[in-house]
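A.B. asks: prediction below, plus the sequence it came from.
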Amino acid sequence: MTSTLVTGATGFTGGHLARRLAARGNRVRALVRAPARAADLAGAGVELVTGDLRDAASLDAALRGVEVAYNIAALYRQAGLPASTYRTVNAEAVALLVRRAAEAGVRRVVHCSTVGVHGDVEHPPASEDAPLRPGDVYQETKVEGERLGREAAAETGVELVIARPSGIYGPGDRRLLKLFRGVARQRFVILGDGKIFYHLTHVNDLCEGFRLCGEVPVAAGRTYILAGGEVTTLNELTRIIASEANVLPPRLHLPVWPFWIAGAVCEAVCAPLGVEPPLYRRRVDFFTKSRAFDITRARRELGYAPSVTLREGIRQTLGWYREHGWL
């Protein structure tokens, strides 16, 4: 029985991971800022420790007796936040966690980064060695978090494994709700020709990949892209979603550039006010940037083998949205 810590456990991915590890018989502790939001985790046998990833004392309490720590916590894109806030959570806290883990005698830290560090992939599929070209403050601070984490690991001797997931989906996800709901309600409009690649990862496959990162000996010091077993174009992806939702696939395509300009204007107006823009360039980029990734290294070294087919994962996700009245 491995003793583990999961940060970010009140989120979609961290929650899935904590429950999965607990179900496998691991002793699982979760560092949470708001225990009231983690009642389901406690019910699943996860021990809760109240604290903050940025606070050394919190980490010391959470890391006591732990063998493997999974750092899933991150600050995703939110309007109005200064870059310094992203940097504190996504970069500096990674180094702090590694250093406090070393003090606590933790053997390994698995840090969740993102394939977004590679930016727009010019020559898909991208491997772990593809150029790093972050496109916004979230991705920039993820790159910095990887670097600071590696430096801290080199200084302390802690085994650090970096995992870079592609777009995560599955029951409980809300980031891709607009895509699924738009297609299911036949209101989804594709900007551009829809021929860019989009590579999803089912949360169950991802959590198994995290576990392997935490347990496979040769993973120490390595970086792995974790993604699903199938890559589609955006057109193909929306056709599968439409098929599972029993509606016609999206047919309307519009030019990209008017929306990109409108997004820039919305950001310029809304960001200083701390208001979420109704349209922003990052959303437009969804239609223009290819995301296809090579998971050969994870397959070969970890034994990572995605088992949820894209169609089955989409069926599960649509079912969960229906169950919660979101479609």
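C.D. replies: Sure, I can see it. Numbers count the residues shown, from 1 in each chain.

A.B. asks: what segments of the stretch 51-200 of the chain are helices?
C.D. replies: 56-63, 83-87, 93-104, 137-156, 177-184 (DSSP state H, counting those that start in this stretch).

A.B. asks: please identify the deepest-packed of the ones you listed.
C.D. replies: Ranked by mean neighbour count, these are led by helix 93-104 with a mean of 22 (mean count of other C-beta atoms under 10 Å). The way it works is simple: take the backbone N, C-alpha and C, and place the C-beta from them, glycine included.

A.B. asks: for residue 42, what is the enclosing helix or strand?
C.D. replies: Per DSSP states H and E: residue 42 is located in helix 39-43.

A.B. asks: pick out the shakiest of the helices of the stretch 51-200 of the chain, pLDDT-wise.
C.D. replies: Mean pLDDT is lowest for helix 83-87 out of these, coming in at a mean of 92.

A.B. asks: what packs against that helix?
C.D. replies: helix 137-156 (3 or more C-beta pairs under 8 Å, 6 or more residues apart in numbering; DSSP states H and E).

A.B. asks: who are the packing partners of the helix it packs on?
C.D. replies: Looks like helix 137-156 contacts helix 83-87, helix 93-104, strand 108-112, strand 159-165 (3+ C-beta pairs under 8 Å, 6+ apart).

A.B. asks: then the second one to PDB, C-alphas only?
C.D. replies: This file holds the C-alpha atoms of helix 93-104, laid out as PDB (Å, rounded to 0.1, in the frame of the first residue of the first chain):
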ATOM      1  CA  ALA A  93       4.900  26.400  -5.700                       C
ATOM      2  CA  VAL A  94       6.200  23.500  -7.800                       C
ATOM      3  CA  ALA A  95       9.700  24.100  -6.500                       C
ATOM      4  CA  LEU A  96       8.500  24.600  -3.000                       C
ATOM      5  CA  LEU A  97       6.600  21.300  -3.100                       C
ATOM      6  CA  VAL A  98       9.700  19.500  -4.300                       C
ATOM      7  CA  ARG A  99      11.900  21.000  -1.600                       C
ATOM      8  CA  ARG A 100       9.400  20.300   1.200                       C
ATOM      9  CA  ALA A 101       9.000  16.800  -0.200                       C
ATOM     10  CA  ALA A 102      12.700  16.300   0.100                       C
ATOM     11  CA  GLU A 103      12.600  17.400   3.700                       C
ATOM     12  CA  ALA A 104       9.800  15.000   4.400                       C
END
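
A.B. asks: for residue 81, see how far away residue 32 is.
C.D. replies: Distance, residue 32 to residue 81, using C-beta to C-beta, to the nearest Å: 21 Å.

A.B. asks: more neighbours: those two, which one.
C.D. replies: Neighbour totals were compared for residue 32 and residue 81, and residue 32 leads with 26 against 15 (other C-beta atoms under 10 Å).

A.B. asks: which one is the more buried one nearest to, not counting chain neighbours?
C.D. replies: In space, residue 32 comes closest to residue 38 once its chain neighbours are excluded; the distance is 4.7 Å by C-beta to C-beta, 6 or more residues apart in numbering.

A.B. asks: show me what contacts that neighbour?
C.D. replies: 9-10, 30, 32, 46, 48 (C-beta atoms under 8 Å, 6 or more residues apart in numbering).

A.B. asks: and the helix or strand bottoming out on mean pLDDT in the chain, what does it pack against?
C.D. replies: One helix or strand of the chain scores below all others by mean pLDDT, DSSP states H and E: helix 281-285, with a mean of 78. Secondary-structure packing of helix 281-285 (3+ C-beta pairs under 8 Å, 6+ apart): helix 257-270.

A.B. asks: on contacts alone, who are the packing partners of the helix it packs on?
C.D. replies: By 3+ C-beta pairs under 8 Å, 6+ apart, helix 257-270 packs against helix 281-285.

A.B. asks: put the alpha carbons of the helix it packs on into PDB.
C.D. replies: Taking C-alpha atoms only, helix 281-285 is exported to PDB below (Å, rounded to 0.1, in the frame of the first residue of the first chain):
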ATOM      1  CA  ARG A 281      -8.300  35.000 -28.800                       C
ATOM      2  CA  ARG A 282      -7.600  31.800 -26.900                       C
ATOM      3  CA  ARG A 283     -11.000  30.600 -27.800                       C
ATOM      4  CA  VAL A 284     -10.500  31.500 -31.400                       C
ATOM      5  CA  ASP A 285      -7.100  29.700 -31.300                       C
END
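
A.B. asks: give me the distance from it to the chain's centre.
C.D. replies: 18 Å (C-alpha atoms, centre = their mean, to the nearest Å).

A.B. asks: buried stuff in it?
C.D. replies: 281-285 (16 or more other C-beta atoms under 10 Å).

A.B. asks: any chance you could list what contacts it?
C.D. replies: Taking C-beta under 8 Å, 6+ apart as the rule, helix 281-285 contacts 77, 120, 135-136, 191, 256, 259-260, 263-264, 267.

A.B. asks: of the residues you listed, which pair is most distant in space?
C.D. replies: 77 and 256 (19.9 Å; C-beta to C-beta).

A.B. asks: re the thing from before, partners of the helix or strand just after the helix holding residue 42 in the sheet?
C.D. replies: Heading C-terminal from helix 39-43, the first helix or strand you meet, by DSSP H and E, is strand 47-50. Applying DSSP bridges to the sheet, strand 47-50 is found paired with strand 27-32 (parallel).
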